[in-house]
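Trainee: make a model of this:
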Amino acid sequence: MIKRLVKSTLLFFVLGILSCGNAHSESSSENSKVVSQEKLSDSVPSEVLPAANRMDLILPKIANRTIGIVGNQTSVVKTKNGEYTHLVDTLLSRQVQITKVFAPEHGFRGTADAGETVKSGKDPISGLPVISLYGSHKKPTAEDLKDIELMIFDIQDVGARFYTYISTMHYVMEACAEQGIPVLILDRPNPNGHYIDGPILEKQHQSFVGMHPVPVVHGMTIAEYAKMINGEKWLENGIQCELETIAMQTYQRKMSYNLPVKPSPNLPNAKSINLYPSLCFFEGTNVNAGRGTKLQFQVFGSPFLDQEYFDYAYTPKSMEGAKYPKHDNKECYGRNLSTAETLNSINLEWLIEAYKNTEDQEQFFNDFFVKLSGTSLLKDQITKGLSAEEIRSFWKPGLEAFQKTRVKYLIYP
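Mentor: Next up, the predicted model:
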């Protein structure tokens, strides 16, 4: 065991990013419990402490139980010397009985492209079996969950409806509920937790990039979101899982926090994460959003955009995390937003601007756009020439209703 721990300890570089947000309440579901924040004494630093670091709360809950872990490269624990080890390695060093690891999009170590098939197999570092929860196998089977007495979910989210880690969490909760297995969510900050914005997803446009009737930016941590899934009975047939969450220490939505690991290959820094909810709409168009560059989700461009109008040019190329980028090896014209001010709402101007100045507007959108936006209305509004302000006015009633629902599940101020 000691040899395996030494072999498996991983070090990660620290990437700086911001986090922020709003309100506190207990879950309305009798099947949900939350281990709330504790007031720190004056002698304890006011540093945000993700739940994975709260071993004093975790270990008593998992003692003498066989454990499954849903995690990826972001599932890390900060050590006393300021370095990071993986949660799996940390628990193995404490003799915790981990039987299987489950991996979301991008894989357990987080290197696969968006949408790339990730095969199940064995983690070369820990030696544990890894079951992929992506592609055609999004939901754990009864066989996958065999011999698991408690499932731990610990993944860094970025607070956008179309970021698929929350969809994986939905299916894990659903499968565990069906098999009577409790789920323990270890909470982490939401770097886009300081605002709520975007159209509410319509049920007829439900997909893996949008499973729930929430706005594009929901302003909740992953534990709060899990409580909402459970409390609103969004799992199949209204089933609820035995859910428990461990909260972070000292977290508030408007405080800064350094993410120790990038959450996916194409979100390398704070700027890309902040711009992601706005620029991801371009994934449903013929515009490249920086994949195949070192400025992923910080630039946008296309060979079909007016090079006289747009002031920035770049050429996407195949690279790790973007093996087949849109417009590979073709010069694209667009915008460099890497020095743009931090967004506190979704920016629609860039999308509208690109549509108005593209070579052929009929070729601008693809079928993925409606799935990403969660509504056919946004595409229709843009093609009809509505302004960003006019479009946003349509979002207001849905956002107001969502906020009333959301407040029931919040853990943090």
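
Trainee: mind listing what's buried along the strand or helix carrying Val70?
Mentor: Per DSSP states H and E: Val70 is located in strand 66-71. Neighbour counts over strand 66-71 (16 or more other CB atoms under 10 Å) mark Ile67, Gly68, Ile69, Val70, Gly71 as buried. Backbone N, C-alpha and C define where each C-beta goes, glycine included.

Trainee: any chance of the residues you listed in TSV, plus distance to His137?
Mentor: Output for those, formatted as TSV (distance: CB to CB, whole Å):
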residue	distance to His137
Ile67	21
Gly68	15
Ile69	17
Val70	13
Gly71	17
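
Trainee: buried stuff in stretch 134-150?
Mentor: Quick answer for stretch 134-150 (16+ other CB under 10 Å): Tyr134, His137, Lys138, Pro140, Asp144, Leu145, Ile148, Glu149, Leu150.

Trainee: who's in contact with it?
Mentor: Defining contact as CB atoms under 8 Å, 6 or more residues apart in numbering, one finds that stretch 134-150 is touched by 61-62, 65-68, 99-100, 102-105, 117-118, 120, 131, 133, 151, 164, 167-168, 171-172, 174-176, 178-179, 181-184, 208.

Trainee: using JSON lines, lay out the buried residues of strand 66-71 together with distance to Tyr412 and pLDDT.
Mentor: Compiled in JSON lines, those are given as follows (distance: CB to CB, whole Å; pLDDT from 0 to 100):
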{"residue": "Ile67", "distance to Tyr412": "26", "pLDDT": "98"}
{"residue": "Gly68", "distance to Tyr412": "27", "pLDDT": "98"}
{"residue": "Ile69", "distance to Tyr412": "24", "pLDDT": "97"}
{"residue": "Val70", "distance to Tyr412": "22", "pLDDT": "98"}
{"residue": "Gly71", "distance to Tyr412": "22", "pLDDT": "96"}
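
Trainee: what are the C-alpha coordinates of the helix or strand hosting Asp56, in CSV please?
Mentor: Assessed by DSSP H and E, Asp56 sits inside helix 55-62. Extracted C-alpha coordinates of helix 55-62, given in CSV (Å, rounded to 0.1, in the frame of the first residue of the first chain):
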residue,chain,number,x,y,z
MET,A,55,-11.1,14.6,6.3
ASP,A,56,-12.3,15.0,9.8
LEU,A,57,-15.8,15.0,8.4
ILE,A,58,-15.3,12.5,5.5
LEU,A,59,-13.5,9.6,7.2
PRO,A,60,-16.1,8.9,9.9
LYS,A,61,-18.7,8.7,7.2
ILE,A,62,-16.8,6.2,5.1
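
Trainee: between the strand holding Val70 and helix 55-62, how many degrees?
Mentor: 130 degrees (axes from the mean of the first three to the mean of the last three CA atoms, to 10 degrees).

Trainee: show me the strands in this protein, by range?
Mentor: Secondary structure of the chain by DSSP state E: the strands cover 32-35, 66-71, 76-78, 84-86, 97-103, 121-122, 129-132, 150-154, 183-186, 243-246, 299-302, 312-314, 332-336.

Trainee: as TSV, these with distance to Tyr409 would be great.
Mentor: Shown next, in TSV, are those (distance: least, CB to CB, whole Å):
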stretch	distance to Tyr409
strand 32-35	9
strand 66-71	20
strand 76-78	26
strand 84-86	29
strand 97-103	24
strand 121-122	36
strand 129-132	28
strand 150-154	16
strand 183-186	12
strand 243-246	10
strand 299-302	34
strand 312-314	41
strand 332-336	36
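
Trainee: where among these is average confidence lowest?
Mentor: Ranked by mean pLDDT, the strands of the chain bottom out at strand 32-35, with a mean of 52.

Trainee: stretch 256-275: end-to-end distance?
Mentor: Chord length of stretch 256-275, first to last residue, is 17 Å (CA to CA, to the nearest Å).
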